[in-house]
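S.K.: Here's a sequence, model it:
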Amino acid sequence: MTEQLGDGGRRAIERAWDELVAAARRTVRDGLVVGTSGNLSVRVGGTILVTPSGVPYDRLTPEDAVGVDIDGRRLFGDLSPTSELPMHLAIYRTTSAGAVVHTHAVHATAVSTVVQELPPIHYMAAALGGPARVAPYAPYGSDELAENMLRSLRGRTGCLLQNHGTVTYGGTLDQAYDRTAQLEWMSRLWLTASAIPGHTPTLLTTSQLREAEDRLRGYGQR
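M.R.: The predicted model follows:
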């Protein structure tokens, strides 16, 4: 994969790449992307592993691994990194993220075309830091899109991209993926409730979301 890494570093990169490819294939199975849309990345020390541009996930092999540094300089790999690399790097430069997931999830993308913020339909919005904002549209792969995304991510770990899709990040790839899945689920929930004739969905208040956030901190096994 690269001559410059020691055995330990090389094994860490190989494990991370296997996990990244598995997660990328899962986005297809879960209906979060179609074809080669969407992209994922994970940080391993000073290396950022990213999915390559325009390659079906089921064809990726260990030899297809692409690694860049925080400035986007290629460290190894023959394939071109995802065209959305500016978004991924912007998150790594400004947060302690360990992984980033970008999808074209149907319900979340639909929501991004009609509101500026996903209404707080469910307490899991607290898991993202609050209701997911919608970043104004900009061409894919552009610095403008990365800047719009960063503004929408302030105080959040996920946002919608107008007429485009979703972006989430987390300390681990599993955490980032789970936030993507929750964001898509909440979008579907809001669209479903909003479609019921003669009824308006009940939304949670700011204080209710704060209470949920406090409770979520202690959720699960210790």
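S.K.: low pLDDT regions in the protein?
M.R.: Within the chain, the stretches falling below the threshold (pLDDT under 70) are 1-7, 218-222.
S.K.: The residue nearest to L60 when sequence neighbours are not counted: how many residues sit nearby?
M.R.: Excluding its sequence neighbours, the residue lying closest to L60 (C-beta to C-beta, 6 or more residues apart in numbering) is V21, at 4.9 Å. Using the backbone N, CA and C atoms, a C-beta is placed for each residue, glycine as well. A total of 21 residues lie near V21 under the criterion other C-beta atoms under 10 Å.
S.K.: Could you report the distance from V21 to G46?
M.R.: V21 sits 21 Å away from G46, going by C-beta to C-beta, to the nearest Å.
S.K.: what residues does the helix or strand hosting the residue nearest to L60 touch?
M.R.: Assessed by DSSP states H and E, V21 sits inside helix 7-29. If you take C-beta atoms under 8 Å, 6 or more residues apart in numbering as the criterion, helix 7-29 is touched by 1-2, 5, 33-34, 38-42, 44-45, 47, 49, 51, 57-58, 60, 62, 65, 67, 101, 103, 173, 177, 180.
S.K.: next structured bit after that helix?
M.R.: Next helix or strand after helix 7-29 toward the C-terminus (DSSP H and E): strand 39-44.
S.K.: Which secondary structure elements does the helix or strand just after that following strand sit against?
M.R.: Tracing the chain past strand 39-44, the next element assigned as helix or strand by DSSP H and E is strand 47-50. Strand 47-50 sits against helix 7-29, strand 39-44, strand 66-68, helix 85-94, with contacts defined as 3 or more C-beta pairs under 8 Å, 6 or more residues apart in numbering; DSSP states H and E.
S.K.: And the strands in this structure, which stretches?
M.R.: Counting by DSSP state E, one finds strands in the chain at the ranges 39-44, 47-50, 66-68, 74-76, 99-103, 134-135, 158-161, 165-170.
S.K.: Thanks again, I'm all set now.
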